[in-house]
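Visitor: what's the 3D shape of this:
(chains A and B)
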Amino acid sequence: MIKRKNVILVTLSVIGALFAVDGAAYADTTSHAINDSIPAFQQSHYLAARSRSTSTTPSTVTFTSTTGALLLNVKAQNLQNNAQYTELKGIGPDSTAHNITNKTPAGQQSRLIITQYDYNAITVTAKGSYVIN
Amino acid sequence: MKPRRPALRSWLLAAALVLLIAGHLILGTSRTSNSVYSSGVGVYGEYMNGFIRLVFPFLVTLVGAVMLQDRVTNGFVSLTRARISVSAYVWKLIGAGIARNAIFFGVLGIFTTVFAAFVATARQPGLVDPRPYNLSAGGVIAQQAQQNPIGGFIAGGPLVYGLLATLWMVVGAAVLSLAASASVLVIRRRALALVAPLIAYLAESILVQVLGQPAWGFLLILPVPSNLQRFPVYAAAAPVVLVALASFLLVSYVLRQARTSGRLS
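Guide: Below is the predicted model:
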């Protein structure tokens, strides 16, 4: 015979674990700063994963400065199934918001992936901001 | 003296170059998958963003300077000097190397133009779209003119830009072919003479990138100018002009000293 107390405890901890894994089930619509090093030779740099609120809104990314004014590529990834969406290639530090296709459904985690546009031998420091929703 | 075997047989070189163009086009087309570009400049640039950008001077050396090196190391030059002047003979070989480079990179550039303008866009509709970049059609042209020394010509369409980029690549290949010829005349060790242009090209690019001025580096200037937020024409042209002048002076100096050179007389 399972005790009622244990059933409630297990249920609560399972719900708690689900919330923790989901990374807080709230939609992240705020702008986050980018001040990161993008590795040489077109290696990927990953921004922190955030929760999505809709599946249709594109993510946006804005660069205000990059080392030597080099250009960057940005794409979005759905962390549930690792799908990657259309990549925007050749984004410069022009302080303009660029729309990155992001079809990650609401409630799932998504992140942006940045690479350098060219095979450069140096690490590029990129400054700017991004919004996942 | 028994002549040394040529470093590369010509039919082998020709077959390798045809395979290379095919590989360049296939890899370039696959790189455009799942991407969106603000203009045709980006599509053409993507085709050039592969191995061709990294080993450009080495290819130029193989196509343009190996024959000169064979003639010099086999003693052909010293054998012919009784009949014609060394200077005329060597300049003729250098000219032939430049012409072969112009043909090879001209063909490669024209194929790339056709693929970038028609094949890639037909395979993937929506490949060129300025909207995600928050740009109007006119804004794209203004931006490309700022980001690429010849980017403003995209106003005439991807075909016009592609042919102009091909011309840029042919001129660059001609200059590097002259530099590679200078390298094989100056450096005695065969392998070292063939890779010296590549080493100098990469070293110069890394140096200017570390100094924070990537626009002056060959990696972004050749084979076609790659986009930067601000890429003025003088930064893209100056290193190429300097290399052309330095190589011309070096070859002239070596040929002037030919009478006392162990390899040329």
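
Visitor: wait, isn't B:Val77 in contact with B:Arg263?
Guide: Yes: using Cβ atoms under 8 Å, B:Val77 makes contact with B:Arg263 at a distance of 7.3 Å. To be clear about C-beta, it is placed using only N, CA and C from the backbone, and glycine gets the same treatment.

Visitor: Show me which of those two is the more surrounded one.
Guide: Here B:Val77 and B:Arg263 are compared on neighbour count by other Cβ atoms under 10 Å in any protein chain shown; more neighbours surround B:Val77, at 21 against 13.

Visitor: For the chain, just list every one of the helices.
Guide: Because you didn't say which chain, this covers chain A. A:4-21 (DSSP state H).

Visitor: not what I meant, chain B
Guide: According to DSSP H, the helices that chain B contains are B:10-31, B:40-48, B:51-64, B:66-73, B:76-80, B:86-114, B:120-123, B:137-147, B:158-186, B:190-210, B:218-221, B:233-256.

Visitor: now, of those helices, which is deepest in the fold?
Guide: Stretch with highest mean neighbour count among the helices of chain B: helix B:40-48 (a mean of 27; mean count of other Cβ atoms under 10 Å in any protein chain shown).

Visitor: what's the angle from that one to helix B:86-114?
Guide: 120 degrees (axes from the mean of the first three to the mean of the last three Cα atoms, to 10 degrees).

Visitor: I'd like to know the average pLDDT value across helix B:40-48.
Guide: For helix B:40-48, the mean pLDDT works out to 93.

Visitor: Near A:Ser54, how many other residues are there?
Guide: If you look again at residue A:54, you'll see it is Thr, not Ser. 14.

Visitor: Tell me the residues of chain A that contact chain B?
Guide: Residues of chain A that fall close to chain B, judged by Cβ under 8 Å from any Cβ of the partner chain: A:58, A:66-71, A:75, A:84-94, A:96-101, A:117-122.

Visitor: contacting residues for the nearest residue to B:Asn134 once chain neighbours are set aside?
Guide: Among residues not flanking B:Asn134 along the chain, A:Thr96 sits closest, at 5.2 Å (Cβ to Cβ, 6 or more residues apart in numbering or on different chains). Going by Cβ atoms under 8 Å, 6 or more residues apart in numbering or on different chains, A:Thr96 touches A:62, B:133-135.

Visitor: where's A:Thr96 relative to B:Ala155, distance?
Guide: 20 Å (Cβ to Cβ, to the nearest Å).

Visitor: Next one: the residue minimising distance to the centre of chain A from A:Asp28, what distance?
Guide: Nearest residue to the geometric centre of chain A (Cα atoms, centre = their mean): A:Arg111, 1.9 Å. With the distance defined as Cβ to Cβ, A:Arg111 ends up 11 Å from A:Asp28.

Visitor: what do you get for B:Ala16?
Guide: 52 Å.

Visitor: Go ahead and confirm B:Gly106 touches B:Gly172.
Guide: No: proximity of B:Gly106 to B:Gly172 does not meet the contact threshold set by Cβ under 8 Å, at 12.0 Å.

Visitor: quick one on the thing from earlier: just send the helices of chain B back as TSV, with distance to chain A too.
Guide: Converted to TSV, the helices of chain B look like this (distance: least, Cβ to the nearest Cβ, whole Å):
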stretch	distance to chain A
helix B:10-31	9
helix B:40-48	5
helix B:51-64	6
helix B:66-73	26
helix B:76-80	38
helix B:86-114	17
helix B:120-123	12
helix B:137-147	6
helix B:158-186	14
helix B:190-210	4
helix B:218-221	6
helix B:233-256	11
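
Visitor: so which of those gets nearest A:Leu79?
Guide: Among the helices of chain B, the nearest to A:Leu79 by Cβ to Cβ is helix B:10-31 (24.4 Å).

Visitor: That closest one - contacts with which helices or strands?
Guide: helix B:40-48, helix B:51-64, helix B:86-114, helix B:120-123 (3 or more Cβ pairs under 8 Å, 6 or more residues apart in numbering or on different chains; DSSP states H and E).

Visitor: repeat that with 10 Å
Guide: helix B:40-48, helix B:51-64, helix B:66-73, helix B:86-114, helix B:120-123 (3 or more Cβ pairs under 10 Å, 6 or more residues apart in numbering or on different chains; DSSP states H and E).

Visitor: which residues of the stretch 151-265 of chain B score low on pLDDT?
Guide: Within the stretch 151-265 of chain B, no range satisfies pLDDT under 70.

Visitor: likewise chain A?
Guide: In chain A, residues with pLDDT under 70: A:1-2, A:16-27.

Visitor: Alright, that wraps it up for me.
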